[in-house]
Every structure is written in structure tokens, then in C-alpha cells.
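**Student:** quick one, fold the following:
(3 chains)
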Amino acid sequence: MELWDTTRQALVLLGTGDPELWQIVGVSLRVSLSALLLITAPAIAAGFVLAHVAFPGRRALVVLVQGLLSLPTVVVGLVLYMLLSRQGPLGDWHLLFTQKAMILGQMMLALPVLTAYTVTAVQGADARVFETAVSLGAGGFRAALSTLWEVRFGVMAAVFTGFGRIISEIGCSLMVGGNIAGLTRNMPTAIALETSKGQFAQGVALGIVLLILALGVNVALAALQGQGGMRKAWQP
Amino acid sequence: MFSHATKGVKSGAVGLLLAIAAGLGAAPAPAEPDLRLATTTSTDNSGLLGVLLPKFEAKSGIKVRVIAVGTGKALKLGENGDVDVVLVHSRPDEDRFVAAGFGVNRRDVMYNDFVIVGPAADPAGIRGMQDALGAFRRIAQTGAAFVSRGDDSGTHKLELACWRALGIRPETNPGYRSAGRGMGEVLLMAAELNAYTLTDRATQRALAKKTGLTILVGGDPRLFNPYGIIAVNPQRHADVNFRGAMALVDWITSPEGQQAIADFKVDGEQLFFPDAQK
Amino acid sequence: MAAVIEVRGLHKTSSGRAVLDIALLHLRAGESYVLSGDNGAGKSTLLRVLAGLEPATVHSYRFRGDELDPARLPSRVRRQIGYVHQHPYMFNASVQANVEYGLRVRGIASGERKARVREALAWAGVQDLAAMPAPQLSGGEQQRVALARLKALSPCVYLLDEPTANLDADGRRRVIELLGRLAGADNVVVIACHDQEVINLPGLVRLHLSEGRLDAAPRNAIAPLRETRIGG
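**Tutor:** Below you'll find the model as predicted:
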């Protein structure tokens, strides 16, 4: 009945508002939302350019970005660790084992996800959207925004998918964050730690929060896809 | 109570089955079941088990599968019957484990010693101190950076015991970082953060070149770290390999096993000191 | 009357084949042109080149006398040239918002914007549809909204690609009626079309494209190169 006892303790922890637990949830949300906030605009811009502007090497670049979708988080962690380590080229920034390092890592992880999904969304847009905007007097930037707005459900799906990828990743956070209590310990690294300590209750409690977040993201995605479907049905 | 009774019945049934199996033993004997050993990373990473276990396997014909985790997790694995025997280093937890009936036949095996390492510049000025507690106090007083394992490992518990003995709450030191990671990662982190940490000698030796951290305080008996071996209680978990567990307990505390521990050296230095006779 | 757009030596090739090969094209203010020709004769391509949506090599391109690169028209010129696809794209928003788009882009204040939208919708007879989601409209309604969307901006040049294609009888009749009212003293209307009823509308200058060449020059729409050189 270990499983039942643990789950009950976990629910008690959640119900009683255990400060350490919510502090860890806070670190997770702060890091992942900051990373998302910083990377969304450049990633979507890159996705739009890749989908819309013809230039030599574009196809290769799209293939590369799609390949990076499955970029292992530990590889990003390793590269970033070597860059930020005291012996590394960016050692003077003293970022290793800080939240900023975790944010950087999650930005690197989210970038290909957001870009690749934006490419797909923009490629799925009607070619006439951009031309219509331009012929009604919009500049390139405004027309790009209008195109993205027309495929906003796809673009939002990109953002949600990116969030889903980084909120639950552990490899990079553990390596460049260091899982320091109260500072760089987020939900995934805390779960791994609690399990390694044999203290399952807090791990399960955090797991429940993470699960609810992940489910929430997926429900939102499904809702968006439903909306997207309706939009298609509107077209004569 | 009722569940205990059922377990008793169950283990009796298993015993009966084993007896029948033994009776049928004329047929080619099934291979000895593997023995699952949960132990700490220090014994595995130092290479000690790599030397000890082949000797035991050759002698007993029992294959040992090693699960190297922190002491807390190792005991939890034993508690759940996920392993057959545990080799750990945290005496109070070991005693609790036995008292709660999760393990039986605890025996002393050996000890190693812990050292305080830090940056060569030694900002807190603890180099050469004989008294580990004094060194800990000075680190806390100077607000020097200190990386704690923070993972409920034996090393972590030893460190916490030192702070407790001093009556210091380590979190009040702004330079204190609770990492929640293994010894190797913590040493690397201490090097990155110019921090002190408490480590076993074996891991420090393995990583000294990479981290540049030096041993500043060592040799205090307070930092001696005894290892114990405990068989998981077959009354609790009928399916554990109790026979294999006892074979390992007996061998590792025998003169032959103890000699093998004493003979294990890294770079000419003995890392573990057998003390099964005590 | 002065030429609004004057193009000389316009060439465009696709996969090695000449798609457009036009020595001179004059589009004059106050005139409406109908551009006929078989499918693949280059009607759409010519409109798209004039709208700056597709690149082509030109010897010279003048807009109201200014020598410009048609692939990089400055915003003030581009905003004088309106273009409507054969199947106009409706933004996924209300009819009102669709017609408002170009005014918004131009930074026109809300009050004037609303007035001009109302006026354009009334002109196209689609004021009752203002609140409808535009993508849900019928083809004929969408074409009329697209014309209103341009009309609200009062551009100098209207480039319309097959505005009556694939419309039912009623839709077609209403669109043709609008086409007749589009022309004004200061603007140019070019309709690519092979709808005989449109081609036969009174007062239109008829241009005919075949295999990328303009081969009829009624009313001096295509002046001989030599003559225009003298004139220019």
C-alpha cells in the first residue's frame, strides 16, 4: 500500500500549501515562462522567414530545424555547461548554476520547437494572405503579422508545444542549474532528487502539479485544434 | 497483524515449494538466482566493488547486480524488497532499518574517512585544522561558499550532524548551496563556485585533477564513516534472495573479504579500512 | 491624358519560356481596360507584375512620370495600386474588419475609418453583411467585399483578376454592375477577363494578350515604341 500512502501524503502536501513545494513550482514557472517570453518573438520571426522568404539554403535550414526538434536536452545542457563553465568561453559571465543559465538552456530547447511549428503553420497559410495584405497597403512586417494572425491557432499551438517541452525537461536544468535548493531546483529536478532520496511523497506531489500543467497544455492545444478545424470549415 | 500472518503463511508456502524444488534437485540444478545489492555511489565509483564482487562471485557462484544510489534510496529499496541486501553508511538509519524489521543480521564491514576540500586560495583559512567542527564553524562564520550534497546521502547526513553538533543552521550562511546531487557533481559544482564541500577521499582523489580542489582538513575521527551490510528481512519479503544475501554478508566479513578490502588501493593509497571484527 | 503607369520592355520568363514580352504599355487616367486572352496567355502574370507581386525585367517603369523599380515600389506608390485575386482572400474576421484593414494600415483615425467603411460597403451594396464572418460569404459576395475593400482606399489603379469567374448568375450581374461604376476621372481600371459580357461593356479599352504579347492596340493603349520615344 506504499503507492496509496505516498499519494495520500502527496495530496496532503498539496492541500496544506507546503511552502517548499510551491517554491519549487514557482522556480519552474518563472524559468520556463521567462524562457518562453524571451524566445517566442525571435523564434516565430525565424519560422516566418523560413516559411515565407526564398533564399539559398532555406530547405536545408528547415530540415535542420526539424531535426533539432528531437535535440536531446542533455546535449543542450552539456554544450551550455561547457560554454558557461569557468574554463569555458563565457565563464566570465558567472552564469553556471543560476536561473539565468536554466533560462538560456530552455530558450535553446524551445527555439527549434517554436520555429518548426511556426514554419508548418505559415506554410499552411493561404499564399494569398500576404499578397492581400500587401496589396491593401501593408508593409512587409505588417503583412507578416497579418499572416501570422490568420494562422494564430497554429502559432499558439507552437507556443504551447514549446512550453510543454521545457516545463518538463530535466537534463538541461539539472546540468546547468545544479538543482540547488531554493534557487535552481525546479519540478523535474526536485522529483528526480526526491526519488533518489527515497522520499516519494514530495516527488508525487510535484508530479501531480507537473501532470496537471502538461494536461492543461494539451487540453488547450486540443481546444485550439478544434478552433482551427472550425476555421477551415468556414472557408467556402 | 493479519497481514503479517498472511505473510508468514506465504513464506511458509514458499519454503515448502523450495523444499520440493530441492527434492527434485536430481534434475540439473537451476542456476543460483542473482543477488541484488543496493549500495552507495562511493563504493561503486571508487572501484572497490569491481575488485570485491568478482572474488565473491567466483567463490559462491552467485552473480551480484549492483544498484548504486544514495544511502536513503538504498535503504528504501531494501524496505520495499526491491533488493536482497544493502551496503550503506549511515549508522542511525541502519539501526532504524533493522529496528523496523526491514533488515536482519547487520554487520560492520569497513570505514573510510571524509575530508573537507575547498579552493586552494582557502578564503575561510581552514587549511591544516585538526578539528573538523572548528573548520565547519569558520566556514559558517566567514560566510564562505559551501556546497552540500543535500540528497539525504550518508555524506549529507554526516555534514548535517556536524552542523547540528555546532548548533549552526547552515541555511543561514548565504554562501550555502544545497545541491541535491551526487558526490562527483557536487565537487565539480564546488570548483565552479569556489566553494568548500565535504567529500569522501575516494571521490576527491578521482576528481582532484579536474576540479583543482585540495584537501584542507582530514583525519578527524568524527569524519570516519563506517559501512554496514544488512540482509533484507525474508519475513517481510518472501521473494528476496536471503540465502545469497547471507552468503555475501558472511564472505565480506570473513578474513578473506576483509583482506580484500584492505588490499584495495587507488594510486597506492588505501581508501577503506576493514573493521568487521569490532 | 497622362499615363499613370508606363512600362517599356517588360519581359518575364518561366522555365526558359517567355511568359510576357511587352514592348510598351500605357495605362492612362480615366480609362478602363479589359485584358482578354486565352488561359495561360499571361493575363494574371501581367497584373501581378504591375501590382509589384511578381518580379520581371523591365527596361523602364514609370508611375506618374517617376522612374521606379517595379519589384521595389515605394510604399506611397504601392498604396496607389490595388489588386484583387481571382478568388479574393477574406481575412478570418468580419466583413467590416476586412474593409477596415487597409485604412488601419494607413493609420487613419477610427471615426473616419468607420465612415469610409460604411460608404464603401454601401457602394458595393453589402452593408447588410458588415457583421458577417467574411470567409462564410458566397463567391459573389466575397468579390463585392473585395471591391469595397479596395474602393475604401480610393487607389489610383485597380487591377482585377477575372472578377466574374465562377460566380452564379446573380453574383456575376452584381459584380459587373460594380465594375461599371468603378472607373473615375483620376483612376485606371484593368480587368483581366475572358467573360464576353465584361469585354463588351461600353467604354472599355480592349487589350488582348496572346503568348505573352499584346497584339491589339486600339485607342493607342499600346503605342509603337518609336512614337512614344518621340512623345516621351
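
**Student:** show me what the helix or strand bottoming out on mean pLDDT in chain A is packed against.
**Tutor:** Ranked by mean pLDDT, DSSP states H and E, the helix or strand of chain A with the weakest confidence is helix A:200-234, at a mean of 77. If contacts are counted by 3 or more CB pairs under 8 Å, 6 or more residues apart in numbering or on different chains; DSSP states H and E, helix A:200-234 sits against helix A:2-15, helix A:19-52, helix A:152-167, helix A:187-196. Just so you know, the C-beta spots here come from the backbone N, C-alpha and C atoms, and that holds for glycine as well.

**Student:** C:A115 is nearest to which of these?
**Tutor:** C:A115 sits nearest to helix A:152-167 of all the helices and strands packed on helix A:200-234, at 29.1 Å, using CB to CB.

**Student:** following that closest one, which helix or strand comes up?
**Tutor:** helix A:171-172 (DSSP states H and E).

**Student:** next, the buried residues of the least confident helix or strand of chain A.
**Tutor:** A:200-207, A:209-210, A:213, A:217, A:220-221, A:224, A:228, A:231 (16 or more other CB atoms under 10 Å in any protein chain shown).

**Student:** same deal with stretch C:158-175?
**Tutor:** Neighbour count says stretch C:158-175 has C:158-165, C:167, C:171-172, C:174-175 buried, by 16+ other CB under 10 Å.

**Student:** who's in contact with that stretch?
**Tutor:** The contact list for stretch C:158-175, computed with CB atoms under 8 Å, 6 or more residues apart in numbering or on different chains, reads C:43-44, C:47, C:50-51, C:81-87, C:125, C:138-141, C:143-144, C:147, C:150, C:176, C:179, C:182, C:187-195, C:197-198.

**Student:** any weak-confidence spans in chain A?
**Tutor:** Applying pLDDT under 70 to chain A picks out residues A:1, A:227-236.

**Student:** before we move on, back to that, ok, which of the helices and strands packed on helix A:200-234 comes nearest B:Q258?
**Tutor:** helix A:187-196 (30.3 Å).

**Student:** just checking, what packs against that closest one?
**Tutor:** helix A:19-52, helix A:200-234, helix B:71-79.

**Student:** 7 Å - rerun?
**Tutor:** helix A:19-52, helix A:200-234 (3 or more CB pairs under 7 Å, 6 or more residues apart in numbering or on different chains; DSSP states H and E).

**Student:** in TSV: those helices, plus distance to C:L20.
**Tutor:** TSV is the format used below for these (distance: least, CB to CB, whole Å):
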stretch	distance to C:L20
helix A:19-52	25
helix A:200-234	35
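
**Student:** those helices: which one's closest to B:A140?
**Tutor:** Judging the helices and strands packed on helix A:187-196 by CB to CB, what sits closest to B:A140 is helix A:19-52, at 22.0 Å.

**Student:** which strand residues bridge the residue nearest the centre of chain C?
**Tutor:** In chain C, the residue lying closest to the centroid (CA atoms, centre = their mean) is C:L159, at 0.7 Å. Beta-bridge partners for C:L159, by DSSP bridges, are C:Y83, C:V190.

**Student:** how far away is it from C:G37?
**Tutor:** 15 Å (CB to CB, to the nearest Å).

**Student:** now B:D93
**Tutor:** 91 Å.

**Student:** what about these two, which has more around it?
**Tutor:** Between B:D93 and C:G37, counted using other CB atoms under 10 Å in any protein chain shown, C:G37 has the larger neighbour count: 22 against 18.

**Student:** no more questions from me, cheers.
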